[in-house]
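# turn this into a model:
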Amino acid sequence: MEAAIKEILEKEVKPMLKMHLGALDFIGFENGVVSVRFQGTCKGCPLSNLTLKTGIESLLKEKVKGVEKVEAVD
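Take a look at the predicted model:
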């Protein structure tokens with residue numbers, strides 16, 4: 001399951017963030033929760049929570065069975 005999450009982040013999420021000079025690191029997956037760390041302009045951006053919930057979380061929940069939540073860590 002982690003491999004599927006990483007692949008989606010690499011191929012679909014990171015290119016989108018890169019267009020805005022941002023980046024994202026995969027931290028881990030445990031008990032249905034994906035942990036990520038924002039980098040670049042995404043770190044501290046007021047819209048990062050919107051990106052996290054309506055973009056990244058929605059995408060992963062749709063494509064990877066077992067993903068229940070995505071949260072950002074520092």
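# can you show me the strands along this structure?
Taking DSSP state E, the strands of the chain run over residues 22-30, 33-40, 69-72.
# buried residues in the last one?
When burial is assessed from 16 or more other CB atoms under 10 Å, strand 69-72 yields the following buried residues: V70, A72. Quick note: C-beta positions are derived from backbone N, CA and C, even for glycine.
# equivalent analysis for stretch 35-52, please.
Those would be V36, F38, C42, S48, T51, L52, for stretch 35-52 by 16+ other CB under 10 Å.
# from those residues, pick the one nearest K11.
Ranked by distance to K11 (CB to CB), these are led by V36 at 15.1 Å.
# give the contact list for R37.
L24, D25, I27, A72, V73, D74 (CB atoms under 8 Å, 6 or more residues apart in numbering).
# let's see 7 Å
Contact analysis of R37 by CB atoms under 7 Å, 6 or more residues apart in numbering lists D25, I27, A72, V73.
# doesn't D25 make contact with L9?
No: between L9 and D25 there is no contact under CB atoms under 7 Å: 9.0 Å.
# give me the more crowded residue out of those two.
L9 (20 against 12; other CB atoms under 10 Å).
# show me the beta-bridge partners of the closest residue in space to that one that isn't next to it in sequence.
Using CB to CB, 6 or more residues apart in numbering and skipping the chain neighbours, the partner closest in space to L9 is F26 (5.6 Å). On the basis of DSSP bridges, F26 is bridged to V36.
# okay, now F26: neighbour count?
17.
# isn't it up against V36?
Yes: counting by CB under 7 Å, F26 does reach V36; the two are 6.0 Å apart.
# tell me the centre residue of this structure?
Nearest to the mean C-alpha position of the chain, counting by CA atoms, centre = their mean, stands I56 at 4.7 Å.
# show me the contacts for it.
V13, V70.
# which residue ranges form the helices in this protein?
In the chain, the helices defined using DSSP state H lie at 2-8, 14-18, 48-50, 58-63.
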